[in-house]
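In: Here is the input, now give the coordinates:
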Amino acid sequence: MILASIPSPDQGVWYLGPFPLRAYALCIIAGVVVAVWLGERRWVARGGRPGQVGDIAIWAVPFGLVGGRLYHVATDYQLYFGEGRDPVTALYVWQGGLGIWGAIALGAVGAAIGARRAGAKFLPLADALAPGIVIAQAIGRWGNWFNQELFGRPTTLPWGLEIDAVHRPVGYEQFATFHPTYLYEFLWNLAVAALVIWADRRLRLGYGRVFALYIMGYTLGRAWIEYLRIDSVQMDDVFGLRLNVWTSIVVFVAALVFFLLSARRHPGREDQVLRDDFLAREEAAEEALRTEER
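Out: Numbers count the residues shown, from 1 in each chain. You can find the predicted model right below:
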């Protein structure tokens with residue numbers, strides 16, 4: 001007998017006239033807003049200029065969304081291609097389906113482009129943004145709750161998540177409550193953000209090590225949370241583990257190696273987070289202004 005459980009929302013879309021408001025999209029937007037706000041504060045505290053993070057986000061966010069969708073479609077292509085499938089639905093981002101690995105990879109490309117245009121060095125920028133990114137991931141997970149997706153195995157624990165019959169995978173129709181993996185990842189990500197902020201202040205991390213610590217913390221949690229999930233992912237059970245578990249292991253090791261090499265080559269934190277060419281242009285502009293005022 002289930003004595004307690006977490007209910008799922010009965011809808012994830014609301015309409016303002018003909019315009020749909022989708023909970024999944026709202027969660028993503030809220031996460032981006034928080035990430036930009038926190039990243040801006042941390043960037044300015046590190047020596048950056050106000051407004052630069054917003055300018056860089058114009059590049060990073062679209063790149064990240066495209067990367068996240070590409071990774072999802074590539075690893076779950078059976079949902080969009082093949083007999084009885086409509087390939088056009090691969091473009092329906094608002095229905096859910098963003099792979100974090102693709103979002104981080106391509107989002108980093110966009111951030112690098114934006115950083116160069118804004119005059120910021122990439123590694124200190126990544127360090128400033130890291131806690132905000134993982135908080136944004138935490139907020140975004142609530143979109144899975146509204147969509148009743150990406151939940152875990154059946155459970156009778158008091159915090160089991162109620163899933164409507166229409167959303168239960170084949171073979172699990174008889175179960176009513178499942179592990180709320182969205183909630184596990186939400187709490188884990190908040191803990192990672194707190195750890196990263198604490199370690200950054202305590203140890204004065206720099207040269208990309210804050211970002212690497214975020215990646216290590218996130219992948220540790222993602223590995224065990226992913227192990228609980230029962231949603232179908234193409235290439236499940238690669239040598240006994242889900243594809244995303246293997247991805248977490250590989251990315252964790254890469255981040256750990258980077259952290260150790262960075263600490264050996266560049267101990268401490270950067271003294272300057274802005275590019276030399278940007279500073280030269282800024283100084284020239286200030287000199288021109290002083291000359292004009294004379």
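In: Centre of the chain to stretch 244-254, how far?
Out: When C-alpha coordinates are averaged (C-alpha atoms, centre = their mean, to the nearest Å), stretch 244-254 and its chain have centres 15 Å apart.
In: Show the average pLDDT along it.
Out: Mean pLDDT, stretch 244-254: 91.
In: buried residues in that stretch?
Out: Buried residues in stretch 244-254, defined by neighbour count with 16 or more other C-beta atoms under 10 Å: 244, 245, 246, 247, 248, 251, 252. (Each C-beta comes from the backbone N, C-alpha and C, glycine too.)
In: Can you show me the CA trace of the strand or helix carrying the first one as CSV?
Out: Looking back up the chat, that one is residue 244. According to DSSP states H and E, residue 244 maps onto helix 243-265. The C-alpha coordinates for helix 243-265 follow below in CSV (Å, rounded to 0.1, in the frame of the first residue of the first chain):
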residue,chain,number,x,y,z
LEU,A,243,25.0,5.1,-22.7
ASN,A,244,24.6,8.2,-20.5
VAL,A,245,26.3,6.4,-17.6
TRP,A,246,29.3,5.7,-19.8
THR,A,247,29.2,9.3,-21.0
SER,A,248,29.3,10.5,-17.3
ILE,A,249,32.2,8.3,-16.5
VAL,A,250,34.3,9.4,-19.5
VAL,A,251,33.4,13.1,-18.9
PHE,A,252,34.3,12.8,-15.2
VAL,A,253,37.7,11.3,-15.9
ALA,A,254,38.4,14.1,-18.5
ALA,A,255,37.4,16.8,-16.1
LEU,A,256,39.5,15.3,-13.3
VAL,A,257,42.6,15.1,-15.6
PHE,A,258,42.0,18.7,-16.6
PHE,A,259,41.7,19.8,-13.0
LEU,A,260,44.9,18.1,-12.0
LEU,A,261,46.9,19.4,-15.0
SER,A,262,45.6,22.9,-14.5
ALA,A,263,46.5,22.9,-10.8
ARG,A,264,50.0,21.8,-11.7
ARG,A,265,50.6,24.3,-14.5
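In: which element follows it toward the C-terminus?
Out: Sequence order places helix 276-293 as the next helix or strand after helix 243-265, per DSSP H and E.
In: which residues make contact with that next one from outside it?
Out: 118, 119, 120, 272 (C-beta atoms under 8 Å, 6 or more residues apart in numbering).
In: are any of these buried, and which?
Out: Buried subset of the contacts of helix 276-293 (neighbour count, 16+ other C-beta under 10 Å): 118, 119, 120.
In: was I right about the first one contacting residue 54?
Out: No - in this structure, residue 118 sits apart from residue 54 without contact. The criterion is C-beta atoms under 8 Å, and the distance is 9.4 Å.
In: Would you mind listing where the stretch 51-200 of the chain has pLDDT under the threshold?
Out: Applying pLDDT under 70 to the stretch 51-200 of the chain flags the ranges 94-96.
In: Name the nearest residue to the residue positioned nearest the centre of the chain, sequence neighbours excluded.
Out: Central residue of the chain (C-alpha atoms, centre = their mean): residue 137, 4.1 Å from the mean position. Spatially, and ignoring its direct neighbours in sequence, residue 137 is nearest to residue 189 (5.2 Å; C-beta to C-beta, 6 or more residues apart in numbering).
In: Off-centre distance for the host helix or strand of residue 124?
Out: Assigned by DSSP H and E, residue 124 falls within helix 122-140. From the chain centre to the centre of helix 122-140 is a distance of 8 Å (C-alpha atoms, centre = their mean).
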